[in-house]
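K.L.:
all I have is the shape, not the residue letters:
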């Protein structure tokens, strides 16, 4: 079993095993064998919305810092919007990192990759 893990780490893994733990549940026979998550679409959406969420968080932050106690919306409301925006930006950034990691692992399994074993060259 350990030998198979070493080989998989060097070659990359197929999409059917590209999750954090691989296949979580045994196949029941009613889903297609080649079913895959839409990583390309998730990548596109993440590349669009991470900067949008970051921009909105910065706008709310600046608005919050320049607002006075009598303004509408109140500084407290703007603080909450800023925190929510920061949380959504962080979650979208984490999702983008997971997508990129999974795509790199899959490309390593194609046989033409550099075979870096998941280690960054930087």
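P.N.:
Noted; the coordinates are in hand. A quick note: this is a predicted structure, and the numbers were derived from the prediction, not measured.
K.L.:
what packs against the top helix by length along the chain?
P.N.:
In the chain, taking DSSP state H as the definition, the longest helix is helix 75-108. For helix 75-108, the packing partners by 3 or more CB pairs under 8 Å, 6 or more residues apart in numbering; DSSP states H and E come out as helix 39-66. Every residue, glycine included, has its C-beta placed from N, CA and C.
K.L.:
which positions in the helix it packs on come out as buried?
P.N.:
Of the residues in helix 39-66, 39, 42, 43, 46, 50, 53, 54, 56, 57, 60, 61, 64 count as buried by neighbour count, 16 or more other CB atoms under 10 Å.
K.L.:
and for stretch 90-108?
P.N.:
Buried-residue list, stretch 90-108, by 16+ other CB under 10 Å: 92, 95, 96, 99, 102, 103, 105, 106, 108.
K.L.:
looking at it now, give me its mean pLDDT.
P.N.:
Stretch 90-108 comes out with an average pLDDT of 92.
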